[in-house]
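I would like the atomic coordinates for the input below:
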Amino acid sequence: MNDVQTREALVSSLERHEEELEQALGELKQAVQRPFAVGDHLAQHIGEHPLPWLAGALLIGLWLGSRD
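Numbering: from 1, shown residues only. Modelled structure (predicted):
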């Protein structure tokens, strides 16, 4: 192989690896954001229905406070 062919092969390989890296980073970003989506949904649900959560917190507090 001469230098031009070697360079072309390296450029081609680099482009392919860059595409694979971008795809892997996209998948990683999605995987990282998924757990936080559950927290957002829970916060929205608590905001829409606060009384059951307040009652539950009060009962748990009373239960924990009454333990010896």
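
what number of residues lie near L51?
7 (other CB atoms under 10 Å). (Glycine included, C-beta is placed from N, CA and C.)

likewise for W53?
Other residues close to W53 by other CB under 10 Å number 13.

any idea how far Q23 lies from Q30?
With distances taken as CB to CB, to the nearest Å, Q23 is found 11 Å from Q30.

then L59?
In terms of CB to CB, L59 sits 38 Å off from Q30.

how about D3?
In terms of CB to CB, D3 sits 41 Å off from Q30.

same check, this time on H17
In terms of CB to CB, H17 sits 21 Å off from Q30.

kindly report the same for G56.
Computed as CB to CB, the G56 to Q30 distance reads 32 Å.

E20 too?
Distance from E20 to Q30, by CB to CB: 16 Å.

where does the prediction get shaky in the protein?
1 (pLDDT under 70).

go through it and flag its longest helix.
helix 3-48 (DSSP state H).

what's the first helix or strand after that one?
Note on helix 3-48: by DSSP states H and E, the next helix or strand toward the C-terminus is helix 50-66.

identify the residues contacting that following helix?
I46 (CB atoms under 8 Å, 6 or more residues apart in numbering).

how far does stretch 14-25 sit from its chain's centre?
20 Å (CA atoms, centre = their mean, to the nearest Å).

let me fix that, I meant to ask about stretch 54-68.
33 Å.

with just CA atoms, put that stretch into PDB.
Provided in PDB are the C-alpha atoms of stretch 54-68 (Å, rounded to 0.1, in the frame of the first residue of the first chain):
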ATOM      1  CA  LEU A  54     -49.500  14.500  52.900                       C
ATOM      2  CA  ALA A  55     -51.700  12.000  54.800                       C
ATOM      3  CA  GLY A  56     -49.200   9.200  54.100                       C
ATOM      4  CA  ALA A  57     -46.300  11.300  55.300                       C
ATOM      5  CA  LEU A  58     -48.200  12.200  58.500                       C
ATOM      6  CA  LEU A  59     -49.000   8.500  59.200                       C
ATOM      7  CA  ILE A  60     -45.400   7.500  58.600                       C
ATOM      8  CA  GLY A  61     -44.200  10.300  60.800                       C
ATOM      9  CA  LEU A  62     -46.600   9.300  63.600                       C
ATOM     10  CA  TRP A  63     -45.600   5.600  63.200                       C
ATOM     11  CA  LEU A  64     -41.800   6.400  63.300                       C
ATOM     12  CA  GLY A  65     -42.400   8.900  66.200                       C
ATOM     13  CA  SER A  66     -44.200   6.300  68.300                       C
ATOM     14  CA  ARG A  67     -41.500   3.600  68.000                       C
ATOM     15  CA  ASP A  68     -39.200   3.100  70.900                       C
END
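
right, I'll call it a day here.
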